[in-house]
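[1] Just need the structure, nothing else, for what follows:
(one chain, ligands or ions: 3)
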Amino acid sequence: MKQSKMFIPTLREVPNDAESKSHQLLLKAGMIKQVASGVYSYLPIAKRVLNKIEAIVREEMEAIDGVEILMPALQPAELWQESGRWPSYGAELMRLTDRHGREFALGPTHEEIITSLVRDELKSYKKLPVTLFQIQNKFRDEKRPRFGLLRGREFVMKDAYSFHATEESLDETYRDMYNAYSNIYNRVGLKFRPVIADSGAIGGSHTHEFMALAEIGEDTIAYTDGSDYAANIEKAEVVYTPDIQHTAEEALEKIHTPGVKTAQQLADLLGKDLNEIVKSMILKVDDRFVMFLVRGHHELNDVKLKSFFGTEVVEMATEEEIEGIMNAKPGSLGPVGVDKIEIYADHAIQDINNLAVGANETDYHYINANLGRDFNVKAFGDFRFILEGEPAADGSGPVRFAEGIEVGQVFKLGTKYSEAMKATFLDEQGKARPMIMGCYGIGVSRTLSAVIEQHHDENGIIWPKSITPYDVHVISVNPKQEAQKELADKLYVEFSKDYQVLYDDRQERAGVKFNDADLIGVPLRIVIGKQAADGVVEVKVRATDEKFDVSVDELAEKIETLYKDLA
Ligand SMILES: O=C(C[C@@H]1CCCCN1)Cn1cnc2cc(Cl)c(F)cc2c1=O
Ligand SMILES: [Mg+2]
Ligand SMILES: [Mg+2]
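    Ligands and ions are numbered 1, 2, ... in the order given. Prediction:
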């Protein structure tokens, strides 16, 4: 394609609200244009890359018997009422009303649509399993869209859904999807790790997220070097090994602690370490208030609480709610004398005694509070985030942390939707049973961004060969020079036979052309300049900056060799 015909509005400077590298480069390379917060147009270079990522996704889905369909973004509210999800999503679900006053959602995901589609068609076990997928724009009204395509409000997702008569059949497709996802991320050039994850609101049990490793990632992964163990930190199980450090029980003592609100302040006042302090927090779990105890150097993990209590409604109680229940501010809470609400404690609380805790009186704390004598706990559990260096749940060694961008997730959904929506099949005994489902998502536009996060240098993007918008970038330095223009035109036509060629034939200064070429990131470059008269051109490898002066009659072979070696 000739750049004089193209539409690549590169930028020299970047709007300073672009914090992530990929967001900056997507803008600078003229690949996207923001239409509204979290809403983007994909320009030609981005669209070509999207097409290649989607082609790889399609290939891998079809290789495991996935069949492509396309469902509407407009989803009638009735289906969300059938599944029970219409009331359970708040502002994130974009809703609209049609001219007849009928309510719709703009699809954030398609469990309801696909289940209603399948339930009318697949009535017998003989017709199962079936795996259907689509690649389509999704809508989620994110509170804080950020980092360009990494967290948008309209984005491209591949979502697949599988329907089974048995758990074994689901397990098989889950494994096929897991492997297909690994193939996809390998083929698009992403460094990634599958991690044990939490299924969250969608329900179901078993789920893995696929994390592209990148500092900008909003997720933290706990992994070990010794094995393939990796878990989203929300989910990473803490192995509790008692490390009892009790001293002789001392008498409970109330002390005046003016202005002390945090565990650190209490520790400093008492001359103790943070791990000798206990933090008492009150959370709303479903419709009741519960107190949780964790040690000063640990953090409460709300995702583990949701899973422990089997509810999505777990949030910090507000200051007013706390004062209403305890007559004290959040910074002075403790378990002593609390009988109106239940108290749960992280396992590690058992390791220490003579605890420093809030006295449920603003500006007062207790020291030497002891379990059993001064307070009781309804249950101990794994309620905290794992710390770096602590042992992994599978015994494969101490966990290390890394940031990740969630680019995909696979779920065993079970029968949550098929039961709610009466998607049943007749089994071999002729008995009606709810279909067993799996669902599997890939953030396609997010994957594009993640690739840029992992493949760039200070001058711009460096595309992996598999998804590059073009294979070869032909640049004529000065089209006004007849010899240069002629040779460049000729090479453009010639190389277009075997490669996808972007031809910079613009009347632009050389510097502009080279800056743009570095930004756009095509892996191989042929520069036709002064030496054109001697039949010599310069070849440049974008990734390594290697340059070669090559005579035109050796050019095809040189490009072929270099192309083969590209990652
Ligand atoms: O989407 C999933 C599960 C899988 C992911 C892979 C493809 C199929 N769905 C989970 N999820 C995430 N955010 C959502 C946001 C809104 Cl506003 C909503 F109404 C529903 C959902 C929702 O259900
Ligand atoms: Mg997550
Ligand atoms: Mg997730």
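[2] Surely Val407 touches Tyr185?
    Yes - taking contacts as C-beta atoms under 8 Å, Val407 lies within contact range of Tyr185: 6.9 Å. For the C-beta atoms, the positions are set from N, CA and C on the backbone; glycine is no exception.
[3] which neighbours do the two share?
    Taking C-beta atoms under 8 Å, 6 or more residues apart in numbering as the contact rule, Val407 and Tyr185 both touch 192, 210, 212, 447.
[4] what separates the first one from Ala160, distance-wise?
    If I follow you right, that is Phe192. Phe192 is 18 Å from Ala160, where distance means C-beta to C-beta, to the nearest Å.
[5] Over to the second one?
    Counting by C-beta to C-beta, the gap from Phe210 to Ala160 is 14 Å.
[6] repeat for Asp516
    38 Å.
[7] tell me what the helix or strand containing Phe155 is packed against?
    Secondary structure from DSSP states H and E places Phe155 in strand 154-164. For strand 154-164, the packing partners by 3 or more C-beta pairs under 8 Å, 6 or more residues apart in numbering; DSSP states H and E come out as helix 44-63, helix 111-119, strand 130-139, helix 167-187, strand 436-443, helix 444-454.
[8] how about low-confidence regions in the stretch 251-400 of the chain?
    Within the stretch 251-400 of the chain, no range satisfies pLDDT under 70.
[9] So in terms of bridging, what pairs with the residue in the stretch 401-550 of the chain that ligand 1 sits nearest to?
    Of all residues in the stretch 401-550 of the chain, the one sitting closest to ligand 1 is Gly441 (2.4 Å; C-beta to the nearest ligand atom). Judged by DSSP bridges, the bridge partners of Gly441 are Asp159, Gln409.
[10] Does it touch Asp159 like I think?
    Yes - between Gly441 and Asp159 there is a contact at 4.9 Å, judged by C-beta under 8 Å.
[11] Gly381 contacts Ala348, correct?
    No - the pair Gly381 / Ala348 is not scored as a contact, 10.9 Å apart, by C-beta under 8 Å.
[12] So for the residue positioned nearest the centre of the chain, what's the nearest residue that isn't a sequence neighbour?
    Centroid-nearest residue in the chain, with C-alpha atoms, centre = their mean: Glu406, separated by 1.9 Å. Nearest in space to Glu406, with sequence neighbours left out and distances taken as C-beta to C-beta, 6 or more residues apart in numbering, is Glu209 at 5.0 Å.
[13] how about that neighbour, what does it touch?
    Residues in contact with Glu209 (C-beta under 8 Å, 6+ apart) are 194-195, 197, 219, 232, 406, 408-409.
[14] do Glu234 as well
    197-198, 301, 303-304.
[15] Spit out the residues that contact Gly441 and Asp159 alike.
    Joint contacts of Gly441 and Asp159 (C-beta under 8 Å, 6+ apart) are Thr109.
[16] okay, those two: which has more neighbours?
    Gly441 (24 against 20; other C-beta atoms under 10 Å).
[17] Return the distance of that one relative to Ser22.
    20 Å.
[18] and what of Lys490?
    36 Å.
[19] who has more neighbours, the two?
    Ser22 (27 against 12).
[20] re earlier: mind checking which of Val407 and Tyr185 has more residues around it?
    With neighbours defined as other C-beta under 10 Å, Val407 and Tyr185 compare such that Val407 has more, 28 against 25.
[21] Not counting residues beside it along the chain, what's closest to Leu475?
    Slight slip there: residue 475 is Ile, not Leu. Per C-beta to C-beta, 6+ apart, closest to Ile475 is Asp504, 4.4 Å.
[22] Now do the same contact list for Asn515.
    Asn515 touches 10, 12, 459, counting by C-beta under 8 Å, 6+ apart.
[23] which element is it on?
    Assigned by DSSP H and E, Asn515 belongs to helix 510-520.
[24] now Tyr503
    strand 501-504.
[25] what does that strand rub up against?
    By C-beta under 8 Å, 6+ apart, strand 501-504 touches 1-3, 6, 469-476, 488, 492, 495, 513, 516-517, 520, 522.
[26] Now do it: distance to the chain's middle.
    Computed by C-alpha atoms, centre = their mean, to the nearest Å, the separation of strand 501-504 from the middle of its chain amounts to 34 Å.
[27] buried stuff in it?
    501-504 (16 or more other C-beta atoms under 10 Å).
[28] Could I have the CA atoms of it written out in CSV?
    Extracted as CSV, the C-alpha positions of strand 501-504 are listed here (Å, rounded to 0.1, in the frame of the first residue of the first chain):
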residue,chain,number,x,y,z
VAL,A,501,4.6,-4.0,1.5
LEU,A,502,4.0,-0.5,2.9
TYR,A,503,5.6,2.0,0.5
ASP,A,504,6.5,5.4,1.8
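[29] What residues does the residue of the stretch 201-350 of the chain found nearest ligand 1 make contact with?
    Closest contact between the stretch 201-350 of the chain and ligand 1, by C-beta to the nearest ligand atom, is at Ile202 (4.1 Å). Contact partners of Ile202, counting by C-beta under 8 Å, 6+ apart, are 109, 111, 411, 413, 416, 439.
[30] Tell me if I'm right that the first one and Phe139 touch.
    To tie it back to what came earlier, the one meant is Thr109. No - taking contacts as C-beta under 8 Å, Thr109 lies outside contact range of Phe139: 9.8 Å.
[31] Now do the contacts for the nearest residue to Glu319 once chain neighbours are set aside.
    Nearest residue to Glu319, sequence neighbours excluded (C-beta to C-beta, 6+ apart): Pro330, at 6.0 Å. When contacts are counted by C-beta under 8 Å, 6+ apart, Pro330 touches 261, 281-282, 319, 322.
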